[in-house]
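sequence and predicted structure below; questions after.
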Amino acid sequence: MSTPISAEPVRGRRRFTRFALPLLLMLAGLLAVAPAADATFHLIKVREVHPGTGEDSYVELQMFAAGQSFLSGHALTVYNTAGSLVHKSTFVSGVANAQNQGTILVGDSGVEAAFGVKPDLVDSGLAIPAAGGAACWNAGGLPADCVAWGNFTGDAALLSATGTSAGSPVSPTGIASGKSVRRTIEPGCPTLLEESDDSDQSATDFKEVTPAPRNNLSPITETTCAGAPNTAIDDRPAPRSNSTAAVFTYEAPTATGYECRLDAEAFAACPDGGPKEYSSLAEGSHTFQVRGINGSGPDPTPASYTWTVDTVAPTVTIDAHPADPSAGTSASFAFHASEASTFECSMSPPDAAGVFSACVSGKTYLALGNGLHSFEVRPTDLATNAGAPAAFAWTVDNSLADTTPPQTTIDQRPPDPSPSSSATFAYSSSEPGSSFECSLDSAPFLVCASDGAAYTGLASGPHSFQVRATDASGNLDPTPAGYSFTVALPTLPGNSPPPSSPVPPRTSASPPQTVLGAKPAATTRDRTPSFRFRADLAGVSFECALDGKRFKPCRSPFTTATLKPGQHTFSVRAVLAGVADPTPAKAAFKVLPPRAR
């Protein structure tokens, strides 16, 4: 939960007072795509991160241009090692000090007691994972500024969520107790935070230091370098833009003039501070560079910004859908787009206007009634180009539901009587795709392989075998197929009958119960899914089976070999003192074919 900050209103926005109303009108079309990137809140970097140990965690932000004080609605976000969002601190007001190099402190409730500095935003829920994670300043519409540390492996997820990468983490073993990680300001001007201090590589941009938090009222210690100017880009297009026009503004405190270039062009004079405008840009990647010039010469490290012009809308393809007609009250859909996109889905009767909402591939609908239904999915790419929806219409007819149980047949069996302590059985179902459960000598039914079951170590005397099938609709054969036979082993001097197996020894102990935890979704493209499981008793071992094959010893987590597309079943049972769980935990799932490239 974020606590509002109180600050005096900022009465001047220097970036807008520099340019007259015509510039605002020219920027209007660009701002319709990228929210308010007007140099009043986004020229801010993460300066320092402290994980804390006693409610004294904090993140310090720092401006690298004046006027960066309108923070309302923007947030500091924290991510775990996998790149999943774990906390968000949102500003509801601005700060008083809008000077270049001013700092903004976001901290837990114990920061002031620990360091004697009051945070500008007190967030009692702020928790920074010392072992590994990431923190980002999110200015909206533009890539976030992020730093990662420790055992962070979620850079791809972070890039998708924030539009930027944190690169290789700093302090790979985690932030040491009592330490912080702080941004270095050595590139370009070594005494002034600037855009060139950010390489999107945390290990390069940050180092571990002793904590020294500064709030917005703390003295500014950074100083401007003498000599050649240091240039920063203020306004720019979004990282992926669906506009063929672009407008840039920029600044260098000691510059007397500026030079700009686009892509491979030569540097040429451009308006002081901007705006520098481009139009009719081609599809694809572009790079803008600008350098300030004074009596000491041009900026040796020009400010640079790369973005992509993308005006082509994505297309979406539905990869998996129900049969038409289909039985059942649920339906699942898989889909993909021609490029990285977000999706919106709708479900409605045909010829009715659907209500779209955010969704991901693998979307499932429940409680569908009989009749016609229409599914639609539409994509939006990273440049906000909206693609046309793809649709699938079908009929739900629950009268088609399969309620007929399969019939099980034993196809191969040992002779009666049998002179062997081993017995092999083969069996089949009247419905293709069935799974099987077997029982020997009235033991509990357990999952057995679809290609047969084999038993060894059978004692002399009578035995009975039963097998029952379960079809793809979950109907269980109520009348298992059975076979009784007698094992008549030849008796040799000094020999005693071997113990019977695999029937577990009788015990007064209760059998363990198996609990299946993490498992793949009902429909997945993961061809090597993983499972996690546990039992209600200590000291157990586990046995796993895939697609009705024999149980084999396994451990949690268990990852399958590469699976073929199609329906699969995973079973796991706990075993304690030779007694197996008679009701193994099961998971049924479908592996979809790889997406077409």
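Perfect, I can see it now. The model shown is predicted, which means the values in this text are computed figures rather than measured ones.

in which helix or strand does the spatially most central residue of the chain reside?
Central residue check for the chain by C-alpha atoms, centre = their mean: the C-alpha nearest the mean position is that of residue 157, 5.2 Å away. According to DSSP states H and E, residue 157 maps onto helix 155-162.

beyond that helix, next helix or strand please.
Once helix 155-162 ends, the next helix or strand along the chain (criterion: DSSP H and E) is strand 180-183.

elements contacting that following strand?
Secondary-structure packing of strand 180-183 (3 or more C-beta pairs under 8 Å, 6 or more residues apart in numbering; DSSP states H and E): strand 44-50, strand 145-150, strand 206-209. Glycine gets a C-beta too; all of them are placed from N, C-alpha and C.

give me the mean pLDDT for it.
Average pLDDT, strand 180-183: 97.

strands paired with that strand, and their directions?
Strand pairing for strand 180-183, using DSSP bridges, gives strand 44-50 (antiparallel), strand 206-209 (antiparallel).

show me the beta-bridge partners of the residue nearest to residue 482 when sequence neighbours are not counted.
Among residues not flanking residue 482 along the chain, residue 466 sits closest, at 4.6 Å (C-beta to C-beta, 6 or more residues apart in numbering). For residue 466, the beta-bridge partners under DSSP bridges are residue 439, residue 482.

for the one 4 residues further on, same thing?
Going by DSSP bridges, residue 470 is paired in beta bridges with residue 435, residue 476.

that one: neighbouring residues, count only.
By the criterion of other C-beta atoms under 10 Å, residue 470 has 22 neighbours.

then residue 383?
22.

same question, residue 122
Burial measure for residue 122: 21 neighbouring residues, criterion other C-beta under 10 Å.

so it makes contact with residue 110?
No: applying C-beta atoms under 8 Å, one finds residue 122 not in contact with residue 110, separated by 9.9 Å.

could you pull out the strands in the stretch 151-300 of the chain for me?
With DSSP state E, counting those that start in this stretch as the criterion, the stretch 151-300 of the chain has strands at 180-183, 206-209, 232-233, 240-241, 246-248, 250-251, 257-262, 268-270, 276-278, 284-294, 297-298.

to residue 127, which of those lies closest?
strand 180-183 (15.2 Å; C-beta to C-beta).

need the contact partners of the closest one.
Residues outside strand 180-183 that contact it (C-beta atoms under 8 Å, 6 or more residues apart in numbering) are 45-50, 62, 147, 149, 170-171, 175, 193, 197-198, 202, 205-212.

what do you get for stretch 390-400?
315-318, 321-329, 331, 333, 335, 350, 368-378.

which positions in it come out as buried?
Residues of stretch 390-400 classed as buried: 390, 392, 394, 396 (neighbour count, 16 or more other C-beta atoms under 10 Å).

do the same with stretch 346-355
Quick answer for stretch 346-355 (16+ other C-beta under 10 Å): 346-348, 354.

and the angle for the helix holding residue 157 with strand 145-150?
150 degrees (axes from the mean of the first three to the mean of the last three C-alpha atoms, to 10 degrees).

who does helix 155-162 touch, helix- and strand-wise?
Here helix 155-162 touches strand 75-79, strand 132-138, strand 145-150, going by 3+ C-beta pairs under 8 Å, 6+ apart.

ends of stretch 120-136, how far apart?
With C-alpha to C-alpha, to the nearest Å as the measure, stretch 120-136 spans 17 Å from end to end.

for that stretch, buried residues please.
120-123, 126-130, 132-136.

what is the nearest of the residues you listed to residue 552?
residue 132 (34.7 Å).

contact partners for the spatially closest residue to that closest one that is not a sequence neighbour?
In space, and not counting its chain neighbours, residue 132 is closest to residue 150: 3.1 Å by C-beta to C-beta, 6+ apart. The contact partners of residue 150, by C-beta under 8 Å, 6+ apart, come to 81, 129-133, 169, 171-175.

farthest-separated two in these?
Farthest pair in those, by C-beta to C-beta: 129 and 172, 14.3 Å.

just the buried subset of the contacts of strand 180-183, written out for PyMOL, thanks.
The following PyMOL line selects those of those that are buried, judged by 16+ other C-beta under 10 Å:
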select buried, resi 45+46+47+48+49+50+62+147+149+170+171+175+193+197+198+202+205+206+211
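
end-to-end on stretch 175-195?
25 Å.

oh, that last question was meant for stretch 88-103, not what I typed.
Chord length of stretch 88-103, first to last residue, is 19 Å (C-alpha to C-alpha).

show me where the stretch 351-500 of the chain has strands.
Using DSSP E, counting those that start in this stretch, strands in the stretch 351-500 of the chain cover 357-359, 363-365, 371-381, 390-396, 408-412, 423-429, 435-440, 446-448, 453-455, 461-470, 481-487.

how far away is the closest residue in space to residue 261 that isn't next to it in sequence from residue 292?
The shortest distance from residue 261 to any non-neighbouring residue, by C-beta to C-beta, 6+ apart, is to residue 267 (4.7 Å). Separation of residue 267 from residue 292 (C-beta to C-beta, to the nearest Å): 12 Å.

now do the shared contacts for the two.
Common contacts of residue 267 and residue 292, defined by C-beta under 8 Å, 6+ apart, comprise residue 298.

need the pLDDT of residue 33.
Residue 33 is assigned 34 on the pLDDT scale.

with residue 307 instead?
At residue 307, pLDDT is 94.

hang on, the earlier thing: quick check: which of the helices and strands packed on helix 155-162 is nearest to residue 419?
With C-beta to C-beta as the criterion, residue 419 lies closest to strand 132-138 of the helices and strands packed on helix 155-162, at 63.7 Å.

what comes into contact with the closest one?
Residues from elsewhere that reach strand 132-138 (C-beta under 8 Å, 6+ apart): 44-46, 49, 59, 61, 74-81, 83, 86, 128, 144-154, 158, 162, 164, 166, 169, 174.

coming back round to it: let me see the contact set for the residue nearest to residue 261.
259-261, 289, 291, 298, 302.
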